[in-house]
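Chemist: Sequence below, structure please.
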Amino acid sequence: MTNDPYATTADFNDHYADAGPPRTSVLAILSLVCSLICFIPGLSAIGSLLGVFALLGISASKGRVKGTGLAIAGIAVGLIVSLLWIGGAVAIQQGAKQYLKMTDVMKDIESGSYDSARGQLTTATRPFATDEAFEAFKAAYQADAGQFQGSPKGLMDLFKAFGQLGKAQDPNTAPSRPYGHNQAPVPSNFQQGPRWVFVAINPDQPNDAGTFRALDNVGVWLKDDQIIWLVDPATLAAASAGVAPVETPTESGDDQQQEDSPADAGG
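Modeler: The predicted structure follows:
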């Protein structure tokens, strides 16, 4: 039997000094999980932030908490995914701006800047895009939709316009598609509400300013399901094919010579 009065105290200290194996940081686990769920915008950034807090907690635990590797992985993956999201958002924003710029020709038509509007068109279309053609086109769409008021502002307005127009008029079922896949629908604001503006993009020719592809034609989808074009697509197609007016017999010099020959013979 020992008479050491400190034996009990030593056993007490040894019991609490041995706290068992270190535990894994919950924040480190959450950091990696949040960073890996990359399809939810912003969650990867939260994952990176949780990873930083996890490292701080692990450092302050003096070995009682582990998970440094998980926290670092969560931070790294979170940063990479966040950068991808930011890059994607910037690309979408720039793409939307370029998409909406296709209707700049409508601004020129509405303001009466017809020379500037012709600069947006292909050289094959310009001879038919006379001032009278612009005036007739503007009068036709204003009778249905009112004045052209520009493009949607920002992505939210663009998606809102898509929703409003898509319910009433699906561009995939447009009544006329003379330009096939080069005929792009762009939602635009008019005085009487949004309308689809169709632009026929020519992939082989830039506009005069060099800011975008030149347009073969531009049209507006009216409320009565009719698409009106600046220039009749059939007229442009005939001109492109080189179709010339058919000469009538009375206008032919050969026919006139044949008519005169019997008289000359009888004389």
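
Chemist: From now on I want contacts and neighbour counts done on CA atoms only, so please keep to that.
Modeler: OK.

Chemist: Which parts of this structure are helices?
Modeler: Here the chain has its helices, by DSSP state H, at 7-17, 26-36, 43-60, 68-100, 104-111, 114-118, 131-145, 154-168, 233-241, 253-266.

Chemist: Around the residue nearest to residue 185 when sequence neighbours are not counted, count how many other residues there are.
Modeler: Excluding its sequence neighbours, the residue lying closest to residue 185 (Cα to Cα, 6 or more residues apart in numbering) is residue 198, at 4.6 Å. Applying other Cα atoms under 10 Å, we find 26 residues neighbouring residue 198.

Chemist: Tell me if I'm right that residue 198 and residue 222 touch.
Modeler: No. Look at residue 198 against residue 222 with Cα atoms under 8 Å: they stay out of range, at 11.0 Å.

Chemist: pLDDT weak spots in the stretch 101-250 of the chain?
Modeler: 243-250 (pLDDT under 70).

Chemist: try 90
Modeler: Along the stretch 101-250 of the chain, the model assigns pLDDT under 90 to residues 101-102, 151-177, 193, 209-212, 223-225, 239-250.

Chemist: The most centrally placed residue in the chain: what's its closest spatial neighbour, skipping adjacent residues?
Modeler: When Cα atoms, centre = their mean is applied to the chain, the residue found nearest the centroid is residue 96 (3.8 Å). Spatially, and ignoring its direct neighbours in sequence, residue 96 is nearest to residue 155 (7.2 Å; Cα to Cα, 6+ apart).

Chemist: quick one: the one you found and residue 136, what's the gap?
Modeler: Residue 155 is 32 Å from residue 136, where distance means Cα to Cα, to the nearest Å.

Chemist: just to revisit the earlier point, quick one: neighbours of the residue nearest to residue 96, just the number.
Modeler: For residue 155, using other Cα under 10 Å, the count is 13.

Chemist: Ok, residue 75 next?
Modeler: Counted by other Cα under 10 Å, the residues lying close to residue 75 total 27.

Chemist: And the nearest residue to it once chain neighbours are set aside, how close does it get to residue 235?
Modeler: Nearest residue to residue 75, sequence neighbours excluded (Cα to Cα, 6+ apart): residue 48, at 4.0 Å. To residue 235, residue 48 is 61 Å away according to Cα to Cα.

Chemist: And those two? Which one has more around it.
Modeler: Each of residue 48 and residue 235 has its neighbours counted (other Cα under 10 Å); residue 48 has more, 29 against 13.
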